[in-house]
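Asks: return atomic coordinates for the entry below.
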Amino acid sequence: MLSIGNFSKIANITTKTLRYYDEIGLLKPSHVDSDTGYRFYDVSQLESILLISKLKAYDFSLEEIAQVLNNPKDNAFILSAIKQKKLLIETIISNYTHVLKWMDDDILNLERGNYFMSYLDNIEVKLTETKPMNILYIREKINIKEYENYIRNLQKRVTEEKLTPVGPPMSIYHSEEFNPESYDVEIAVPVKEVIKGTRDFPSFLCAHATLKGDYSGLTSVYSKIREWIEAEGYIASAAAFEIYTTDPAQTPPEENITEVYLPVKKLS
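Replies: Okay, here's the model as predicted:
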């Protein structure tokens, strides 16, 4: 049996942390002296503290670690939990990779003596008239994180019903404000066949710009479009929409092409 001090030294965990784990029921000592209150641990509990340390390194919360400790021999449960964490960490790494690329670009821009936000000058806005389309659509108030599920379901229907796509997928944004958990979005695919679940998407006069790169750049594109229509004497007349020229599942983020359209009309 080990004193809390010896257990702490072997496990490289502070006694304060061990006492906290005891308080929350994560790892209780095998014996507490009733007279002194001293905590003692079995040598076998070193495996538990090693497991806790490993899962903390994997970014598990203490609540998630407790679930694993309650199922220490359930390989399927632990495997699933670790795979989910791995996917989350891969997403975080990917996001930070993009951030580092932006930072490198900004550093180079500033070293050249350019204005920090001068990249906005590279976004070209044009006036264009779109063609009418027949679109197969789903319109829901969705959680943005679930967007890919909706587009997959729509594409699955195109395949199962043997419909003929005549253009790339698109999204039409109807919400007046941004709420990522309940965003009014119409996800659509232009198709040849007129069937239940399709509708006419009319022609619009639009302010139009193209984004090449990660979708995080869309905010800059929309900002530039809004500046342009105000400067040119237009106002928005309908919901903005995006056309995804490239498939993000097969295209590196920096090569993605997104066409952004904002229907407009001239101020009277």
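
Asks: which SSE is immediately downstream of the host helix or strand of residue 102?
Replies: Take DSSP states H and E as the rule and residue 102 turns out to sit in helix 75-111. Counting by DSSP H and E, the element after helix 75-111 in chain order, helix or strand, is strand 126-129.

Asks: thinking again about what came up before, give me the buried positions along the helix holding residue 102.
Replies: 78, 81 (16 or more other C-beta atoms under 10 Å). For glycine as for every other residue, the C-beta is placed from the backbone atoms N, C-alpha and C.

Asks: ok, now stretch 161-181?
Replies: 163, 169-173.

Asks: with these in mind, which one is nearest to residue 256?
Replies: Taking C-beta to C-beta as the measure, residue 256 sits nearest to residue 169 out of the buried residues of stretch 161-181, at 12.6 Å.

Asks: so the closest one is in contact with residue 188, correct?
Replies: Yes: taking contacts as C-beta atoms under 8 Å, residue 169 lies within contact range of residue 188: 7.1 Å.

Asks: all helices for the stretch 151-268 of the chain, in order.
Replies: 218-232 (DSSP state H, counting those that start in this stretch).

Asks: domain ranges for this structure, per the record?
Replies: As recorded under automatic domain parsing, the domains making up the chain are 2-72, 78-116, 126-266.

Asks: just to revisit the earlier point, other SSEs contacting the helix holding residue 102?
Replies: helix 62-70 (3 or more C-beta pairs under 8 Å, 6 or more residues apart in numbering; DSSP states H and E).

Asks: including mean pLDDT, could the domains of the chain go into TSV?
Replies: Listed next are the domains of the chain as TSV, based on pLDDT from 0 to 100:
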stretch	mean pLDDT
domain 2-72	93
domain 78-116	90
domain 126-266	93
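
Asks: what angle separates the helix holding residue 102 from helix 62-70?
Replies: 150 degrees (axes from the mean of the first three to the mean of the last three C-alpha atoms, to 10 degrees).

Asks: so the residue sitting furthest away from the middle of the chain, which of the three states?
Replies: Distance from the centre of the chain peaks at residue 35, with 53.9 Å (C-alpha atoms, centre = their mean). Classification of residue 35 by DSSP: H, G, I helix; E, B strand; the rest coil places it in coil.

Asks: from residue 47, how far off is it?
Replies: Between residue 35 and residue 47 the computed distance is 29 Å (C-beta to C-beta, to the nearest Å).

Asks: same thing with residue 142?
Replies: The separation that residue 142 has from residue 47, given C-beta to C-beta, amounts to 44 Å.

Asks: do residue 23 as well
Replies: 21 Å.

Asks: and residue 169, what does it touch?
Replies: 151, 154-155, 187-189, 243-244 (C-beta atoms under 8 Å, 6 or more residues apart in numbering).

Asks: residue contacts, the spatially most central residue of the chain?
Replies: Centroid-nearest residue in the chain: residue 145, 6.0 Å away (criterion: C-alpha atoms, centre = their mean). Contacts for residue 145 (C-beta under 8 Å, 6+ apart) come out as residue 180.

Asks: just checking, it is part of a strand?
Replies: No: under three-state DSSP, residue 145 sits outside any strand and is assigned helix.

Asks: pull the number of nearby residues for residue 222.
Replies: By other C-beta atoms under 10 Å, the residues close to residue 222 number 18.
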